[in-house]
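Asks: Take this sequence and fold it.
(one chain, ligands or ions: 1)
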Amino acid sequence: MDLFEFADVSLRIGDITILSHVSMRMEPGEIVTIVGPNGSGKSTLLRLLIGSLTPSEGRISRDRGLRIGYVPQRLAIDPTLPMTAADLLSLRRKVRPAQIAQALAEAGVAGLERRQISALSGGQLQRVMLARALLGEPRLLVLDEATQGLDQPGVAAFYRQIEQVRRRRGCGVLMVSHDLHVVMSASDRVICLNGHVCCQGAPHHVASAPEYRALFGEGTQGALALYTHHHDHDHDRTRAAE
Ligand SMILES: Nc1ncnc2c1ncn2[C@@H]1O[C@H](COP(=O)(O)OP(=O)(O)OP(=O)(O)O)[C@@H](O)[C@H]1O
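Replies: Modelled structure (predicted):
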């Protein structure tokens with residue numbers, strides 16, 4: 001059974017069509033990355049998946065009892081509040097100190113229980129957020145630009161951590177990222193979104209596209225190369241005016 005399936009899902013808010021006829025599915029243990037330009041609906045798709053938005057049309061089915069661990073773009077609470085990493089991990093559920101220690105270790109930040117959130121580096125904070133998601137024993141990890149603000153080595157290290165988690169737990173990983181040159185190597189499949197699914201496939205197919213190679217290494221422009229790969233259709237027909 002797939003972890004989840006989107007069948008011809010559209011989302012409109014007011015007069016604006018944000019997502020149009022999106023169909024996708026994920027198998028257990030897969031790492032899938034969603035790329036696309038700003039405003040292309042990536043975060044909206046994740047919100048539909050975790051159930052905080054409902055489709056206007058189409059159907060989203062999730063495997064029975066699917067537990068999703070969500071790592072947001074940034075912390076929704078003030079990071080300067082006096083709060084330790086252990087406090088953050090205990091906010092939503094009652095957890096034993098041993099569970100906290102184990103989750104932090106698995107996320108690559110062992111021993112930081114008593115550290116104030118305000119004293120964590122960006123990379124450490126993202127790992128604490130990952131630890132928080134792992135506490136729910138997810139079968140699917142969902143990461144929304146979780147490496148924003150990290151430097152290049154920090155980004156690469158974070159994705160290595162994610163791969164380790166996947167290897168150890170066998171959970172699926174769905175992520176939105178602009179760090180295409182890094183996530184390409186870590187992903188089983190890449191989906192390019194621009195209000196609808198433009199193209200998708202194995203990273204090596206995408207990486208061999210001349211458009212991609214021409215732009216490879218030019219930071220987030222790599223995402224643009226992927227986005228133009230196999231581009232044989234007109235976006236204006238499926239997007240409402242923004
Ligand atoms: N609640 C809302 N009401 C109206 N428009 C919305 C709402 N939420 C999102 N949008 C619009 O939907 C579009 C897609 O937004 P979304 O945040 O999903 O894009 P994104 O691909 O994640 O962008 P980015 O790469 O900049 O994070 C944008 O044009 C945004 O303005």
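Asks: Burial check on residue 64, number of neighbours?
Replies: When neighbours are counted by other CB atoms under 10 Å, residue 64 registers 6. Just so you know, the C-beta spots here come from the backbone N, C-alpha and C atoms, and that holds for glycine as well.
Asks: Next: residue 74.
Replies: What residue 74 shows, counting by other CB under 10 Å, is a neighbour count of 15.
Asks: Mind jotting down where the helices sit in this protein?
Replies: Using DSSP state H, the helices of the chain run over residues 42-50, 85-90, 97-106, 122-134, 152-169, 180-186, 203-207, 210-215, 221-228.
Asks: The residue nearest the centre of the chain: what's it in contact with?
Replies: Nearest to the geometric centre of the chain sits residue 175, at 2.1 Å (CA atoms, centre = their mean). By CB atoms under 8 Å, 6 or more residues apart in numbering, the contact set of residue 175 is 31, 32, 33, 34, 141, 142, 143, 144, 146, 162, 183.
Asks: do you know how far it is from the ligand?
Replies: Look at residue 175 and the ligand: by CB to the nearest ligand atom, to the nearest Å, they are 12 Å apart.
Asks: just to revisit the earlier point, winner for burial among the helices of the chain?
Replies: Ranked by mean neighbour count, the helices of the chain are led by helix 122-134 with a mean of 23 (mean count of other CB atoms under 10 Å).
Asks: Quick one: the contacts of residue 175 as a markdown table, columns for distance to the ligand and pLDDT too.
Replies: Formatted as a markdown table, these follow (distance: CB to the nearest ligand atom, whole Å; pLDDT from 0 to 100):
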| residue | distance to the ligand | pLDDT |
| --- | --- | --- |
| 31 | 19 | 93 |
| 32 | 15 | 93 |
| 33 | 13 | 90 |
| 34 | 8 | 88 |
| 141 | 18 | 96 |
| 142 | 13 | 96 |
| 143 | 13 | 93 |
| 144 | 8 | 91 |
| 146 | 12 | 85 |
| 162 | 19 | 90 |
| 183 | 14 | 69 |
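Asks: Out of those residues, which sit inside strands?
Replies: Mapping those onto strands (DSSP state E) picks out 31, 32, 33, 34, 141, 142, 143, 144.
Asks: Just grab the bridge partners of the fifth one for me.
Replies: On DSSP bridges, the residues paired with residue 141 through beta bridges are residue 69, residue 173.
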